[in-house]
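> Prediction below, plus the sequence it came from.
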Amino acid sequence: MSITNAKIQLISVPEACTLLNISPKTGWAWLTHGKFPLPTAMIHGRRVVRMSDVVSYVDNLFSPAANQPVYASNVELTLNQPEPELIKVIVTSPAKRPRGRPRLARNNN
């Protein structure tokens, strides 16, 4: 099948956000920060998402593998690792500036 014969349904980002049950504002923020969970494309100045990507993403959310609890046997633990050094942070307040209008020094001579 060539690309010209393929029927790919594209939807806008707000439509994809509605299907993912998130706010469109959140979707745009995630896009800005690179956290949007789906690949997007810019076509004729509009950001679009493939409907097939949305469907597969939602299907993977509800697959049995995604909902399985994590057991200790599934997690590999490495013992005798050195603990990370703690960094002591000292918070200081900025130097206080005198309040009010600055006064000229007077010569009392």
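All right, it came through fine.
> so what's Arg101 scoring on pLDDT?
For Arg101, the pLDDT comes out at 78.
> distance of it from Asp53?
As judged by CB to CB, to the nearest Å, Arg101 and Asp53 stand 64 Å apart. The way it works is simple: take the backbone N, C-alpha and C, and place the C-beta from them, glycine included.
> More neighbours: the two, which one.
Asp53 (16 against 5; other CB atoms under 10 Å).
> What separation do you get for that one and His33?
19 Å.
> Repeat that for Glu15.
In terms of CB to CB, Glu15 sits 20 Å off from His33.
> quick one, phi psi at the closest residue to Leu10 other than its chain neighbours?
Excluding the flanking residues, the one nearest Leu10 by CB to CB, 6 or more residues apart in numbering is Val48, at 4.2 Å. Dihedral pair for Val48: phi -130, psi 160, per degrees, to the nearest 10.
> ok, Val48 touching Ile11?
Yes - using CB atoms under 8 Å, Val48 is in contact with Ile11, at 6.6 Å.
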